[in-house]
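Engineer: show me how the following folds:
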Amino acid sequence: MCIAVICIGIASWSLDRATHRNKVGRGITVIGYDVGDLTTNQLSEKLQSISLNFVSTPVTIRTRLGDIQTTLDEIGVEINIQETFDKILKADNGSVITEPFRWAKSFFSTRASPISVRLSQDPNFTLPPSLLIKITEPIEPSWQISNGQVEYTPGVSAAIIDEKTIRNIVLAATATGANPIVVDFEIGERSPLTSNPEAENFALEINTLTQSGLKIIVGERNHTFSPNDVRNWFTFSLGSEGPTWSLNEPLVRGSIGEQLGGVVADKSELPEIVVKDGELTIANLSAKACCSKESAGLIYQAIKGGATSVNLELIDLTDGMPELLAAFGVSELISQATTSHPCCASRVENIQRFADLMQGLTIQPGESLSLNEVVGKRTEAKGFVEAGVIVNGELAKDVGGGISQFATTFFQASFYGGLDILQYFPHTIWFPRYADFEGRKGVESTISWPSPNLEVKNTSPFPVLIWPTWTGTSLTVSLYSTKYIEVDVSGQETRMNNFCENVQTTRRRTYPNGVEEFDTFTARYQPENGIGCDGKPTYPRPPDPPRNVTAEAGDSQASISWDIPEPEGSFDITEYFPITGYTVTTSPGNHSCSTSELVCIIDGLANETSYTFVVVATNSEGDSKDSETSAPVRPQLQPTPTPPPE
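Structural biologist: You can find the predicted model right below:
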């Protein structure tokens, strides 16, 4: 009976196989997908679909520097569809002895067919940058001053990732059918040129050389700089011979100037530096100064040789004007700004007068300069005249109007010259003539008395000479000193605040020791003259007084007429707060009349009495000031007409 069952089973297998010829065997899967009973065409389509999903299989690459999370698609591993196709079809081709038993088992379980994978056939394939997250170049050690000592930051070896190896490891793991795929990968490394022990020894060498500080003798003066002072002069670099050090000359010269009583070495008189035909020169030439251009080299040799003191040479005019100017610290143009204006307006006279009062002033190291403190209140006695100003967000007039153009030009020169801006206040209305040299908004400031003010501070170790010049249509502010700070605009952001435009400018200042400082300046501009960020007038108020008041006398009465108010500037408050009426008042007698028209008649006046009249305009915010008084008129009794003869 057993033989009969086997014979029946084999016969059933043979019949089923004949029926399913050119189909995948029953119960066969590939990487978890059921492909049993599919025709070859169906299998081909199924494998295409599986391949698209397959590349998203997650991959974890474990390294000593941490795990890298990726996918087969990023690694460039894909299904070899043809080879996988062939393997699936062969999965049902067992021997006549074993295959009937597998066939019978397929009714109750599945069989997994192996998968065939390969690397991407794209010749331009590369691993994405996100997979090369580790350090691909070694980081050399560096040195810095910390707590008065030269310390080093250790170098870091480069991580070397061999793309071919990592792809083959993932390929081999994928061929096993694992999901998700986890592999281990050993990252190689390349060491820095300078080892950490060498870096440590170099720092120790510098600390030893400078442990006693350095006494610098200049003429009759001297000062002993502490070890910390001296170390702060150092700059460090790496060359083919290993780490080296040099001195930051601007820092050295600045330190000498600060500690030895300024740039003049042998007398208290400060140099009078002027600009003639665009060239710097010294008007008082008697002083000697520190120091010669060889000074930094002498200090370098003294430190390198382990000396504890050094004598520096004084120079005078015989050494040449350029070297003498360099010793004084005012040797070059460090910043310049120019703004333009129309010719011949009264404001131009004020701009040039302000510039004249500022020309030749010097800001010493560590000192600040306030425009309002230097020039004081602008008055006619000081040579200022009436011109346009901005009051409460509206254009108006005042003595000294227009000098905000000097403030803006000086602000831009100070901004790009690296000076600290202690006080500033941008205009509330934008004027295109105040754009900086790159056309930016927001790099500007206004000034008024007693505020807002513009105040700057010289944080460099060198004096800053202010030298404004002007033409009939432009103003230029030049700052002369020794270049100490590099300045650029690292970013600018503009956004709307209701109807106003806010401009935020970030300045980057880079010092000789590589330290960067950032400061931010914000300006807000109204949409137009007199209109605030809410779209309403910045200064709600009564109207201006009526104009051109005239009167015509009659019998015991007068007829008064006038014109509507006209503001001085381009902003008319009555467009937002309309006039609701006018009131006319007499003098003497205090008679009055009210109307919404531009003419009004007052009765009950005494004949043969002289009267004048003023008119007040009214809106929702109140009454205007009195108008100018009219010319006097005298009401008179009108004669009774004589009747014609009968």
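
Engineer: residue contacts, S445?
Structural biologist: S404, A407, T408, F411, Y424, F425, P426, H427, P452, L454 (C-beta atoms under 8 Å, 6 or more residues apart in numbering). Where you see a C-beta, it was placed from the backbone N, CA and C, and this is true even at glycine.

Engineer: burial of the last one, as a residue count?
Structural biologist: When you say that, I think you mean L454. 23 (other C-beta atoms under 10 Å).

Engineer: with the fifth one instead?
Structural biologist: Other residues near Y424 number 21, with proximity taken as other C-beta under 10 Å.

Engineer: I'd say it and T408 touch.
Structural biologist: No - between Y424 and T408 there is no contact under C-beta atoms under 8 Å: 9.8 Å.

Engineer: how does the protein divide into domains?
Structural biologist: The chain breaks down into these domains under automatic domain parsing: 2-133, 197-320, 332-525, 547-623.

Engineer: out of the ones you listed, nearest to T176?
Structural biologist: Closest to T176 of the domains of the chain is domain 2-133 (C-beta to C-beta; 9.0 Å).

Engineer: helices - which of the contacts of S445 land there?
Structural biologist: Among the contacts of S445, the ones falling in helices (DSSP state H) are S404, A407, T408, F411.

Engineer: wait, which of these is closest to V59?
Structural biologist: When the ones in helices among the contacts of S445 are compared for distance to V59 (C-beta to C-beta), F411 wins out at 57.4 Å.

Engineer: average pLDDT across stretch 40-47?
Structural biologist: Regarding stretch 40-47, the rounded mean pLDDT is 86.

Engineer: actually stretch 199-214, not the one I typed
Structural biologist: Across stretch 199-214, pLDDT averages out at 94.

Engineer: now that stretch: buried residues?
Structural biologist: A199, F202, A203, I206, L209, T210, G213, L214 (16 or more other C-beta atoms under 10 Å).

Engineer: which regions of this protein sit below the pLDDT cut-off?
Structural biologist: Flagging of the chain using pLDDT under 70 yields the residue ranges 1-22, 92-109, 130-136, 261-270, 285-287, 388-397, 399-400, 567-571, 641-643, 645-646.

Engineer: mind listing the helices in it by residue range?
Structural biologist: 2-19, 40-54, 72-75, 81-90, 99-105, 163-174, 196-209, 227-231, 249-259, 295-304, 321-328, 346-358, 371-375, 404-417.

Engineer: so how far is C290 from the closest residue to L357 other than its chain neighbours?
Structural biologist: Computed as C-beta to C-beta, 6 or more residues apart in numbering, the closest residue to L357 that is not its neighbour in sequence is V375, at 5.3 Å. Computed with C-beta to C-beta, to the nearest Å, the distance linking V375 and C290 is 33 Å.

Engineer: quick one: end-to-end distance for stretch 426-441.
Structural biologist: Distance across stretch 426-441, first residue to last, is 10 Å (C-alpha to C-alpha, to the nearest Å).

Engineer: sorry, wrong one. I was asking about stretch 313-328.
Structural biologist: Stretch 313-328 end-to-end distance (C-alpha to C-alpha) = 14 Å.

Engineer: can you offset everything so residue one is 594?
Structural biologist: Sounds good: first residue 594 from here, last item stretch 906-921.

Engineer: could you give me the buried positions within it?
Structural biologist: Going by 16+ other C-beta under 10 Å, stretch 906-921 has these buried residues: E906, L907, I908, D909, D912, E916, L917, L918, A919, A920, F921.
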